[in-house]
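**Student:** Build me a structure from this.
(2 chains)
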Amino acid sequence: MTLPGFPDAMPVAGFLGGLMIGLAAAIMLLGFGRIAGVSGMLARATAIATAGAPRALAIAFVVGLPLGAMLVTLVCGGVETRFGAGILQLIGAGLLVGLGTRLGSGCTSGHGVCGLSRLSPRSIVATFTFMASGFATVGVMRLGGWL
Amino acid sequence: MRQVALALTSGLLFGAGLAVSGMADPARVRAFLDLFGAWDPTLAFVMAGAMVPMAIAWLIQQRMTKPVACNAFDLPGTRLIDGKLLAGAALFGIGWGIGGLCPGPALADLLIAPFEAGIFVVAMLAGMTIHRITT
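**Tutor:** Take a look at the predicted model:
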């Protein structure tokens, strides 16, 4: 199904996938009383963060992510992953994402999915900020002719 | 063991959801941020979908005295909106725009596109380590 005016958009698959992500986060919340924040879980799984979820839980969650995506590619016969970024670009982006998510205590899952649904003022501000920053960055790249 | 299986299930479902929703594709994520290009609103549908189970989960959580699989809730209690939050989110947004990747999709892509996702994840871990040693 497509969205009028946006031939590339996947509204139904997007919403369905979103339900799955929300359900996964709900399992973390109701099962373990924790925020399913991927940056936090990764930092904990790798012991970069000294406090947080029990390490075994964080490791299990982090290991599940690539396996779950792989499962979908096997069932659906492939999932698109268009990187379109050079190695230096990936390194720079990764450094900023790693530093920024630790400094700001969360990413799209922790502040976005979990914080927004909790109506946490802190997460609303964080989400608004990284969205605005993302729009501005890609806007500069687009207008500067890098895209 | 039961706890690890439940956490793994959550991770599996999260990763599968990212793949189903198109969010494992950095080009699609960046297209959401590309207001001056061919804008792709898919990410907004993903967020809307994720809000449904989580909004219900928060309502249920308020009536629970403890989580199902452990002894106590351990949720962020701070309401502080400070420079660290704003600067961190702003830096994260820049990286997100440059790469089209945030932590979830980056990890989800590790087996599908190991080379690119691997480079990004190693750099991301380096960024997290820089934060740790400088604070």
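**Student:** and B:Ile56, what does it touch?
**Tutor:** Residues near B:Ile56 by C-beta atoms under 8 Å, 6 or more residues apart in numbering or on different chains: A:Ala26. Every residue, glycine included, has its C-beta placed from N, CA and C.
**Student:** Which element, helix or strand, includes it?
**Tutor:** helix B:42-62 (DSSP states H and E).
**Student:** Now do that helix: distance to the chain's middle.
**Tutor:** 14 Å (C-alpha atoms, centre = their mean, to the nearest Å).
**Student:** Repeat that for stretch A:94-113.
**Tutor:** Per C-alpha atoms, centre = their mean, the centroid offset for stretch A:94-113 relative to its chain is 9 Å.
**Student:** Following element in sequence after the helix holding B:Ile56, please.
**Tutor:** Scanning onward from helix B:42-62 (DSSP H and E), the first element met is helix B:83-99.
**Student:** That following helix close to chain A?
**Tutor:** Yes - counting by C-beta under 8 Å from any C-beta of the partner chain, contacts between helix B:83-99 and chain A involve B:84-99.
**Student:** Against which helices or strands is that helix packed?
**Tutor:** helix A:87-103, helix A:121-143, helix B:26-33 (3 or more C-beta pairs under 8 Å, 6 or more residues apart in numbering or on different chains; DSSP states H and E).
**Student:** CA-only coordinates of stretch B:109-128 in CSV, if you can.
**Tutor:** Presented in CSV, the C-alpha positions along stretch B:109-128 are these (Å, rounded to 0.1, in the frame of the first residue of the first chain):
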residue,chain,number,x,y,z
ASP,B,109,22.1,-4.3,10.2
LEU,B,110,25.2,-6.1,11.7
LEU,B,111,24.3,-9.4,10.1
ILE,B,112,22.6,-8.1,6.9
ALA,B,113,25.3,-5.6,6.0
PRO,B,114,28.3,-6.5,8.3
PHE,B,115,30.9,-4.2,6.6
GLU,B,116,29.1,-0.8,6.7
ALA,B,117,27.2,-1.5,9.9
GLY,B,118,30.3,-2.9,11.5
ILE,B,119,32.3,0.2,10.8
PHE,B,120,29.5,2.4,12.2
VAL,B,121,29.1,0.3,15.3
VAL,B,122,32.8,0.3,16.1
ALA,B,123,32.9,4.1,15.7
MET,B,124,29.8,4.4,17.9
LEU,B,125,31.4,2.3,20.6
ALA,B,126,34.5,4.5,20.3
GLY,B,127,32.2,7.6,20.8
MET,B,128,30.7,6.0,23.8
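**Student:** Many thanks, we can stop here.
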